[in-house]
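*Asks:* with the input below, show me the fold.
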Amino acid sequence: MPIKRLFSILWVVSCILLVSEKLTAQTVSIEVFLPPLDTLHKSCINFYKKQAIAELEQFNYRSKGKILNYLPMPGWNYAGTPMLTVNTSIFFQAINFDRSMKAQARQIVRTNETLMNAALIEVTQFYQALTYQVLVYNSSIERLELEKQKFSITQKDFENSLILPSQYLAGQISLSSEKNQVNQKLYDLYRSRSELLIKAKKGDWVSLLISSDVPLNSNEK
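*Replies:* Numbering: from 1, shown residues only. Purely as a prediction, here's the structure:
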């Protein structure tokens, strides 16, 4: 390879290293980077509590006004005198209806409990995996620092004409590769943390600000 072309390559690699130096990563503290596991668990529990309450709200509307079904009906008998009649089948229907609603309510609660406990297990496992991921990242930072020290020696040897330009170029490429790996690990950390927060339903609760009197059908007036 011509010397002029080799030094051109060295100059380009040096520019890349200069830019990547500004992206130098630092070690990550688990206590600062991740919310406490208890906080994530509470967020997950609150989400499924609110979801269960919202699903149970439908039974409040079903219960309103049902007392009217039990009132006796005025009428007239064969003799022409007024009378009140009571349909006993309505009481049995009401009993069955109440039992059905209670069964549906229990199913809603149990379903949300099952989903909540499964989510808590998943959050715990993902949290532990992410904690290990942080430790691996911090180890890569230490390795990067050693790679920098190694390249510093290589650079001095090159300045003193103790090594070939190709050896100096190999050292630059190795350092650049190590930095890229660290940056990739840092990106993976932030992506995994976002995924953890999503699994834990962690975020500010936002209300739709929709009144219960507003029809759900936008075309309805």
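*Asks:* pull the number of nearby residues for residue 180.
*Replies:* Residues lying near residue 180 (other CB atoms under 10 Å) number 13. From N, CA and C alone the C-beta is placed, and that goes for glycine too.
*Asks:* which of the helices or strands spans it?
*Replies:* Here residue 180 sits within helix 165-199, counting by DSSP states H and E.
*Asks:* number of residues surrounding residue 193?
*Replies:* Neighbour tally, residue 193, other CB under 10 Å: 19.
*Asks:* and the gap between the nearest residue to residue 199 once chain neighbours are set aside and residue 29?
*Replies:* Closest residue in space to residue 199, ignoring its immediate chain neighbours: residue 123 at 5.3 Å, by CB to CB, 6 or more residues apart in numbering. Computed as CB to CB, to the nearest Å, the residue 123 to residue 29 distance reads 20 Å.
*Asks:* if you count surrounding residues, which of those two has more?
*Replies:* Between residue 123 and residue 29, counting by other CB under 10 Å, residue 123 is the more crowded of the two (21 against 10).
*Asks:* which of the helices or strands spans that one?
*Replies:* helix 88-159.
*Asks:* angle of that helix against helix 165-199?
*Replies:* Comparing the axes of helix 88-159 and helix 165-199 via axes from the mean of the first three to the mean of the last three CA atoms, to 10 degrees yields an angle of 160 degrees.
*Asks:* which secondary structure elements does helix 88-159 sit against?
*Replies:* helix 30-33, helix 37-56, helix 58-63, helix 165-199 (3 or more CB pairs under 8 Å, 6 or more residues apart in numbering; DSSP states H and E).
*Asks:* for the record, mean pLDDT for it?
*Replies:* Helix 88-159 shows a mean pLDDT of 89.
*Asks:* now do stretch 34-47
*Replies:* Across stretch 34-47, the average pLDDT comes to 95.
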